[in-house]
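In: After the sequence you'll find the predicted model.
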Amino acid sequence: MSFCASGNFSGSALETAIREAEAEGVIVVASAGNCGYEQPSSSCQGYAGLTFPGSMQEVISVGSVDENNAIAGFSSRGFVEGYGPKPDLVAPGTNITSAWKNNAMMTESGTSMSAAIVS
């Protein structure tokens, strides 16, 4: 299972579902988020750091690297209390071409692209 959501989900039904899925043996992969310190997305509204659910201990969080194998400026990262640094791993996430709706192709950058590669 791979996904990412923005907002505060602490104590939410979604957080509970992720924990229950993990307890049943489901490997949950999530993007770390696009709120990196160097180049955060405008959707981060000034926030820099990990986003949910990539910030959960139970989740394999995935960050992005660019064509030079350097951490992408938009790639979120941070420290999770009781766990340590995240993301857990990185994958290509800059200028990734993928299938899109209506039989089209689209080139995008972001940790969601990286999480899809890992998943």
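Out: Done, it's in.

In: tell me the SS of S98?
Out: Under DSSP: H, G, I helix; E, B strand; the rest coil, S98 falls in the strand class.

In: quick one: contacts for the residue lying closest to it once chain neighbours are set aside?
Out: Here the nearest residue to S98 in space, its sequence neighbours aside, is M106; by Cβ to Cβ, 6 or more residues apart in numbering that works out to 6.3 Å. No exception for glycine: its C-beta is placed from N, CA and C like everyone else's. If you count contacts by Cβ atoms under 8 Å, 6 or more residues apart in numbering, M106 has them with T97, S98, A99, W100.

In: Which one of those is nearest to D88?
Out: Using Cβ to Cβ, S98 is the member of the contacts of M106 that sits closest to D88, with 22.1 Å.

In: Look at the closest residue to T107 other than its chain neighbours and say how many residues are nearby.
Out: Sequence neighbours aside, T97 is the residue nearest to T107 in space, at 4.6 Å (criterion: Cβ to Cβ, 6+ apart). Look at T97: counted by other Cβ atoms under 10 Å, it has 10 neighbours.

In: Can you report phi and psi for the residue nearest to S98?
Out: phi -140, psi 140 (degrees, to the nearest 10).

In: where does the most centrally placed residue in the chain land on pLDDT?
Out: Among the residues of the chain, the one closest to the centroid is S31, at 1.2 Å (Cα atoms, centre = their mean). With respect to pLDDT, S31 scores 93.

In: and if you look at the one 4 residues further on?
Out: The predicted structure scores C35 at 92 on the pLDDT scale.

In: how close does the closest residue to it other than its chain neighbours sit to N68?
Out: Among residues not flanking C35 along the chain, C44 sits closest, at 3.8 Å (Cβ to Cβ, 6+ apart). C44 sits 24 Å away from N68, taking Cβ to Cβ, to the nearest Å as the criterion.
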